[in-house]
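1. Model the structure of this input:
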Amino acid sequence: MKKKVRPLLMSVDDDPAYNKILSSICEKMQVEVNISDTAKEFVKKLSTTTPDICLIDINLSRGEKVGLQIVKFIKEKMNKKIPILVVSASNDMETLNSVAEIGADGFMAKPIDAPRLLSKLAKYLPYEKISNLETFFKTIPSSYSQCIVDRDATILGMNDEGIFLECSDEIPIGVEIELEGNIFQDILGDMSPSIKVTSAINLIEDPILKSKSYLVFDQKNILLQDSIAKWLHQIDLNEK
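-> Residues are numbered from 1 along each chain as shown. Below is the predicted model of the structure:
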């Protein structure tokens, strides 16, 4: 049996509590993590190592967006094509615009949690490198589990970043589709009976029988994400 290669995530952040949480989440995901707490240490490591993805805190050592300077250095001076996510406790429009302008591949707001990190990594890491995918999603009550794509599908789980489906055949990665189901009417009310999602991961257990797909919500649709987060929170309250 071929040994599974663990993806490598490199991070730079000077917050010990954040670094501890990140290490714990990556361990559960079977993602190898290499953490630095200074820009100098991080860049030195990066000069000899090529990770699968980087997470960079925007305000290292309380500096004015030092993380963005690191992103710029990697993009312009280092001959490495690495997906870079900027991390920050601030997600105001000024911060988001700065991240986009510097050329980072994405943004993730603190505090970090497993579903959010998985959703971000899903866009860049090969699905075969991520194990135990189901454990990072909220299980949906059976009364809400049926939905329609262009084929029958079952919702296995959901978080505020995306949805985990099982359907009869593969949904190609990168394809935008529309989902319909009573779950979306319950979440969105009269706004819409359906939502648009984009396929990010495919896990094919049996090509003839079933395919599992992770599909991400429109990251620009703040209203949708807020509505889903509130609905999932209510599900948690109902279960207690």
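
2. okay, and for this structure, where does confidence drop off?
-> In the predicted model, the chain carries pLDDT under 70 at residues 1-5, 61-64, 115, 126-140, 144-151, 190-193, 200-210, 219-220, 239-240.

3. Wait, a strand at Ile70?
-> No - counting by DSSP: H, G, I helix; E, B strand; the rest coil, Ile70 is not found in a strand; it is helix.

4. Could you count how many residues lie near it?
-> 24 (other Cβ atoms under 10 Å). To be clear about C-beta, it is placed using only N, CA and C from the backbone, and glycine gets the same treatment.

5. ok, it - contacts?
-> Taking Cβ atoms under 8 Å, 6 or more residues apart in numbering, we find Ile70 in contact with Val12, Ala39, Phe42, Val43, Ile56, Leu60.

6. what does Ile195 give?
-> Glu178, Leu179, Phe184, Leu188, Phe217, Asp218, Leu224.

7. Going by distance to Val87, which of those wins?
-> Val87 lies nearest to Phe217 out of those, by Cβ to Cβ, at 19.9 Å.

8. can you pull up the bridge partners for that closest one?
-> Val197 (DSSP bridges).

9. Show the buried residues in the contacts of Ile195.
-> Restricting these to buried positions leaves Leu179, Phe184, Leu188, Phe217, Leu224, with burial counted as 16 or more other Cβ atoms under 10 Å.

10. how about the first one, secondary structure?
-> When the structure is reduced to helix, strand and coil (three-state DSSP), Leu179 reads as strand.

11. Isn't it up against Val197?
-> Yes - contact criterion Cβ atoms under 8 Å: Leu179 and Val197 qualify, at 6.0 Å.

12. For the residue nearest to Cys167 when sequence neighbours are not counted, grab phi and psi.
-> Setting aside the residues directly before and after it, Cys167 is nearest to Ala153 in space (Cβ to Cβ, 6 or more residues apart in numbering), at 3.9 Å. Torsion angles at Ala153 (phi, psi; degrees, to the nearest 10) stand at phi -140, psi 160.

13. Just name whatever secondary elements the longest helix seen in the chain is in contact with.
-> For the chain, the helix that runs over the most residues, judged by DSSP state H, is helix 222-239. Helix 222-239 is packed against helix 182-188, strand 210-217, with contacts defined by 3 or more Cβ pairs under 8 Å, 6 or more residues apart in numbering; DSSP states H and E.

14. looking at the ones you listed, which is closest to Glu27?
-> strand 210-217 (20.5 Å).

15. returning to that earlier point: intersection of neighbour lists for Leu179 and Val197?
-> Ile163, Leu215.

16. thinking again about what came up before, possible to save the contacts of Ile195 as a markdown table with distance to Lys65?
-> Shown next, in a markdown table, are the contacts of Ile195 (distance: Cβ to Cβ, whole Å):
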| residue | distance to Lys65 |
| --- | --- |
| Glu178 | 38 |
| Leu179 | 38 |
| Phe184 | 38 |
| Leu188 | 36 |
| Phe217 | 28 |
| Asp218 | 27 |
| Leu224 | 29 |
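
17. Gly103: which of these is nearest?
-> Asp218 (21.7 Å).

18. pretty sure the closest one contacts Leu224?
-> Yes - with contact defined as Cβ under 8 Å, Asp218 reaches Leu224; the gap is 6.5 Å.

19. Glu166: which of the contacts of Ile70 is nearest?
-> Nearest to Glu166 among those: Ile56, at 34.9 Å, using Cβ to Cβ.

20. Can you classify that closest one by secondary structure?
-> Applying three-state DSSP: Ile56 is strand.

21. Not counting its neighbours along the chain, what's nearest it?
-> Here the residue nearest Ile56, using Cβ to Cβ, 6+ apart, is Gly67, at 4.5 Å.

22. Distance-wise, check Asn59 relative to Val66.
-> Noted for Asn59: a distance of 7 Å to Val66, by Cβ to Cβ, to the nearest Å.
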